[in-house]
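Asks: Next come a sequence and a model predicted from it.
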Amino acid sequence: MKEKVLVGMSGGVDSSVCVYLLQQQGYEVEGVFLHLWDDDEKCRRAGHVGCCGADAVEDARAVCSVLSIPLHVVSMKEEFLGRVVDSFCDSYLKGSTPNPCIECNRFIKWKGMMDTAARQKAGYVATGHYASVIRREDGRYALKRGSIKKDQTYVLYRLTQEQLSKTLFPLGEYDKAQIRSIAKEAGIPVAAKRDSQDVCFIPDGDHGAFIRDRMGSKAACEGEFVLTDGTVIGRHKGIYNYTYGQRKGLGVAYGEPLFVVGMDTTNNRVVLGRNEECYRDWLEAVKVNHVSQERFNEEKTYIAKIRYSDPGSRCHVEYVDEDAGRIRVNFERPVRAVTPGQAVVLYDGDYVAGGGMITL
């Protein structure tokens, strides 16, 4: 029997097959469910499959029963609320569009899993993410892309070297169809369960309504729509309702299609422009985390993803303030809708070189 591994369970098919594959590899496996959020009734009404509430934990229990492993249930609601939910709302009010999964992975999920692993004397933690961890010849731990059809390294780029050194990703070489097939053959009860949505605490996808409900008067901030030359052309319903590159749902009439090209938070204005004004050939990012490389090579060409679904663009990196973790990414061709609050993740071939949070 190999070392003990603690698997983060969500009640979904990916984490369930993660357990099964590790068992097949000879590991002693236990599960942990991190209880982060409660709004199961709202999830049911929206037809949303949650990954961190009461319904999900029951699915996780059923899987653990079939696979004959114990399940530890750990509440991290307070930490999740402060670090992820409130931060999400604050960012939108400041004109940014955050990716809460990135923050949650490093500061909530991995912390919760590794703390529980220490208590249970487990040497590793594991999840059902589509990625791989490779130890390079220089001793650094690198994140490698998942399969062509499924890759989740973008939301994992903030994991530290210590976290990566204790992490296993058994699904890295598989695609979703293969995982569902394995689950069905193994008799795992959630083999056909639908995937959960990205933002687990907003089941209906209406982030504007969620922020209004949560932030109250702080979110009651109507203001002006302006063109890039400052011309006022209408009223917006609050900066938090909009994101860069957006066209639909603006509610403003004009002689040609307009898109969100900027946020003037000082004057509470949303800046609109033509589609070509959505493009730019550089960005700056902060809170840089180096993964496979100790520092970026300013002579090298990287592939940058500026959002989860982005196929990537060729670019070069320079340090604006290396000590402060600020970089500038220069694209070989302009990219559309660079969005503050999102991550820019830099790839060197199949490996995550590192990344940071976009500021401008």
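Replies: That came through, no problem. Residues are numbered from 1 along each chain as shown.
Asks: When you work out contacts or count neighbours from here on, use the C-alpha atoms and nothing else.
Replies: Fine.
Asks: Next up, the contacts around Ser75.
Replies: Shown in contact with Ser75 (C-alpha atoms under 8 Å, 6 or more residues apart in numbering): 34-36.
Asks: let's go with 10 Å and repeat that
Replies: Contacts here follow C-alpha atoms under 10 Å, 6 or more residues apart in numbering; on that basis Ser75 touches 33-37, 52, 112.
Asks: got a winner among these for most neighbours?
Replies: Phe33 (26 neighbours; other C-alpha atoms under 10 Å).
Asks: so that residue bridges to which residues?
Replies: Note on Phe33: beta-bridge partners Val73, judged by DSSP bridges.
Asks: Asp59 versus that one, what's the distance?
Replies: Using C-alpha to C-alpha, to the nearest Å, Phe33 is found at 10 Å from Asp59.
Asks: Then Tyr174?
Replies: According to C-alpha to C-alpha, Tyr174 stands 23 Å off from Asp59.
Asks: These two: which has the busier surroundings?
Replies: Shown here are Tyr174 and Asp59; by other C-alpha under 10 Å, Asp59 has more neighbours (21 against 17).
Asks: Check the secondary structure at the closest residue to the more buried one other than its chain neighbours for me.
Replies: Of all residues not flanking Asp59 in the chain, Gly11 sits nearest, at 4.7 Å (C-alpha to C-alpha, 6 or more residues apart in numbering). Following DSSP: H, G, I helix; E, B strand; the rest coil, the label given to Gly11 is coil.
Asks: hang on, Gly11 packs against Leu71?
Replies: No. With contact defined as C-alpha atoms under 10 Å, Gly11 and Leu71 do not form a contacting pair (11.2 Å).
Asks: intersection of neighbour lists for these two?
Replies: Between them, Gly11 and Leu71 have 33, 57, 60-64 as joint contacts when contacts are counted by C-alpha under 10 Å, 6+ apart.
Asks: Pretty sure Ala219 sits against Asn268.
Replies: No. The criterion here is C-alpha under 10 Å, and Ala219 misses it with Asn268 at 11.6 Å.
Asks: what do those two both touch?
Replies: Joint contacts of Ala219 and Asn268 (C-alpha under 10 Å, 6+ apart) are 93, 238-239.
Asks: who's more crowded, Ala219 and Asn268?
Replies: Ala219 (22 against 19).
Asks: Can you name every helix or strand that the longest helix that the chain contains contacts?
Replies: As assigned by DSSP state H, the longest helix anywhere in the chain is helix 54-67. When contacts are defined as 3 or more C-alpha pairs under 10 Å, 6 or more residues apart in numbering; DSSP states H and E, helix 54-67 sits against helix 13-24, strand 28-35, helix 40-46, strand 71-75.
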